[in-house]
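1. All I have is the shape, not the residue letters:
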């Protein structure tokens, strides 16, 4: 054992660790949920491909129109390639339906307007000619 000299006055040092972690109180944790980013995803007049999400919503604020699908969670999506048009149209709800009575209570004599998302397909070019049928 070279380089090591034993001393008769050698003592053992002990290290104490903290028994509790330092930190703040956990009584009131911060309440900042992640934003859901709901709303319009595509504006009026834009071109979209099939399957593109147009709107995410919790309640039925926007309605599906021409070539637009309606997901389980209220999401509107394009079913074909084309140009997006948002229209505001008059609706005539079925007042005998209990859901309509609950949602539109007090609006029996008024005209009700709703926003509809429509996707109008872009016309395909007609450059190909049929030469021969097989």
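-> Nice, I can see it. Treat the numbers as computed from the prediction; the structure is a model and nothing was measured.
2. ranges for the strands of the chain?
-> Remark: strands assigned in the chain by DSSP state E are 39-40, 47-48, 53-56, 62-64, 68-70, 76-78, 82-91, 112-120.
3. partner strands of the longest one, parallel or antiparallel?
-> For strand 82-91, the paired strands and their directions (DSSP bridges) read strand 47-48 (antiparallel), strand 112-120 (antiparallel).
4. before we move on, back to that, just name the most buried of the strands of the chain.
-> Scoring the strands of the chain by mean neighbour count under mean count of other Cβ atoms under 10 Å gives strand 76-78 as the most buried, with a mean of 23. The C-beta positions use only the backbone N, C-alpha and C, and glycine is treated the same way.
5. Now do it: everything it contacts.
-> For strand 76-78, the external contacting residues (Cβ atoms under 8 Å, 6 or more residues apart in numbering) are 48-55, 57, 62-64, 67-71, 84, 117, 119.
6. Could you do stretch 80-93 as well?
-> Against stretch 80-93 from outside (Cβ under 8 Å, 6+ apart): 42-50, 54, 65, 67, 78, 100, 104, 111-122.
7. Correct me if wrong: residue 65 contacts residue 116.
-> Yes. Residue 65 is in contact with residue 116 according to Cβ atoms under 8 Å; the separation is 3.9 Å.
8. Below-threshold pLDDT in the protein: ranges please.
-> Filtered on pLDDT under 70, the chain yields the residue ranges 1-11, 21-26, 134.
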